[in-house]
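> Everything below, folded, please.
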Amino acid sequence: MTFDAALVAKVRGRLASEATAATSARVAALVREEVGVRGAAQVLAAVETLRSELVGAGPLEALMREPGVTDVLVNGPHEVWVDRGRGLEPAGVLFADEAEIRRLAVRLAAAAGKRLDDAVPYADIRLVGGVRLHAVLPPVSANGICLSFRVPRRRAFELDEFVEAGAMSRAVADLLAAVVASRASFIVTGGTGTGKTTLLSTLLGCVDPRERIVLVEDSGELRPAHPHVVRLEARAPNIEGVGAIELRALVRQALRMRPDRLVVGEVRGAECVDLLAALNVGHDGGAGTVHANSVADVPARIEALCTAAGLSREAAHSQLAAGLRVVVQLARRSDGQRVLEAIGVVSRRADGLVDVRPAVELRGSQWRNGEARAELDEVLGGRDHVRGYDR
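Here you go, the predicted structure:
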């Protein structure tokens, strides 16, 4: 059955006049009234199409439902890209014109309580189902409106899947599981799109089911396969600019919720100070993600975040040395494959500052022991781990 703009306009108009939510039941009823559809299959098809047009992502909706899709990027009416885990490729989806893209972005922003117009030409938006949208309008986006959708994985990975995909060896996977079991505090680092959140979700699924995990996130992306997870999510200000709840405040609340593991989904601001403080008051096994180019760059990155929040350089390094033990670094190759690049150990120098040195690192296509492998064994309590990384 074909659905044209007139049908969408009629259903949208009736929903607006009734001040009714676009539920599947109500949309189905309106479709029957407008076009006289009788068959259940036809009604279902109509509802799916109209919901994507009225409250979903329009022509991008089906694309984002494909298994394995992690990102959908719109650079223009005829330039839509998709990442299915193998790097970006043309999606084959077309918009009629720039105005259609703008209408989609403004509608999605309004549905999320965000403003997106010439006065506020960019917005971070969380859609139903956890999809994150970043939209930028001209003139900020010089070549036209740009949309970036980050699609969360619908189920947690298992470590075996990372091994099968070539992201790590079996020995490295076993070592990561041992890090979690030892309750050593750790962070997952890497650039944008390297899979930090995916790996952290997987590792949290290895936590003892008797432990209580409290997640603090800017936008709910972590989905660990664990029976006892409590979620706290930050809230952006509404259209009037009020009602914001910052990540830093939620970290403090989480400390009062009897966490066995306190996890901050993405540390990128002043909440870094509170995470380090939490890791230093008896909450072993805490975790988070941080943007960093390598394990060696992590101390500088943490220092920058903490000093911007008012903590001195010396205090930041002292907290880091006392609270964080392991760094797991991810990278993304030119062919789009995500790999574990290194596992590093935090150590304090004689001058009081902190280094992160590799205990395991990827050299070419092989994982090898690094200079800090003995220190990692000490962190893990001297357990008998697999010592070869040439598999």
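
> Pull the contacting residues for the nearest residue to Pro139 once chain neighbours are set aside.
Using C-beta to C-beta, 6 or more residues apart in numbering and skipping the chain neighbours, the partner closest in space to Pro139 is Pro121 (7.4 Å). In short, each C-beta sits where N, CA and C put it, glycine included. By C-beta atoms under 8 Å, 6 or more residues apart in numbering, Pro121 lies in contact with 136-141.

> same deal with Gly336?
83, 85-88.

> And those, which is closest to Leu305?
Leu305 lies nearest to Asp83 out of those, by C-beta to C-beta, at 27.5 Å.

> State the phi and psi torsions of the closest one.
phi -120, psi 120 (degrees, to the nearest 10).

> separation between it and Val69?
Distance from Asp83 to Val69, counting by C-beta to C-beta, to the nearest Å: 7 Å.

> And the strands in the stretch 101-250 of the chain, which stretches?
Counting by DSSP state E, counting those that start in this stretch, the stretch 101-250 of the chain has strands at residues 122-126, 132-136, 146-150, 186-190, 213-217, 229-233.

> right, and the ones you listed - which one's nearest Ala308?
It's strand 186-190; of the strands of the stretch 101-250 of the chain, that one is closest to Ala308 (C-beta to C-beta) at 17.8 Å.

> what about that closest one, distance to the chain center?
13 Å (C-alpha atoms, centre = their mean, to the nearest Å).

> re earlier: quickly name whichever of the contacts of Pro121 is closest to Arg103.
Nearest to Arg103 among the contacts of Pro121, counting by C-beta to C-beta, is Leu137 at 11.8 Å.

> Please parse the chain into its domains.
Here the domain parsing of the chain from automatic domain parsing is 1-53, 56-152, 159-379.

> Show me how far the longest one is from its chain's centre.
So the one you mean is domain 159-379. 13 Å.

> For it, give the mean pLDDT please.
Average pLDDT, domain 159-379: 90.

> Endpoints of it, how far apart?
21 Å (C-alpha to C-alpha, to the nearest Å).

> All the helices of the stretch 101-250 of the chain, residue numbers only.
Secondary structure of the stretch 101-250 of the chain (DSSP state H, counting those that start in this stretch): helices located at 159-164, 170-181, 196-204, 247-254.

> ok, and which of the domains of the chain has the densest surroundings?
Of all the domains of the chain, domain 159-379 has the most neighbours on average by mean count of other C-beta atoms under 10 Å, namely a mean of 19.

> if I look at the nearest residue to Ala109 once chain neighbours are set aside, how far off is Val188?
For Ala109, ignoring the flanking residues on the chain, the nearest one in space by C-beta to C-beta, 6+ apart is Leu116 at 3.8 Å. For Leu116, the distance to Val188 equals 31 Å [C-beta to C-beta].

> Quick check: end-to-end length of stretch 198-213?
16 Å.

> next one: stretch 222-229
10 Å.

> got it, and stretch 91-106?
22 Å.

> List of residues touching it?
57-60, 63, 72, 74, 76-78, 80-82, 116-117, 133, 135, 137, 144-145, 147.
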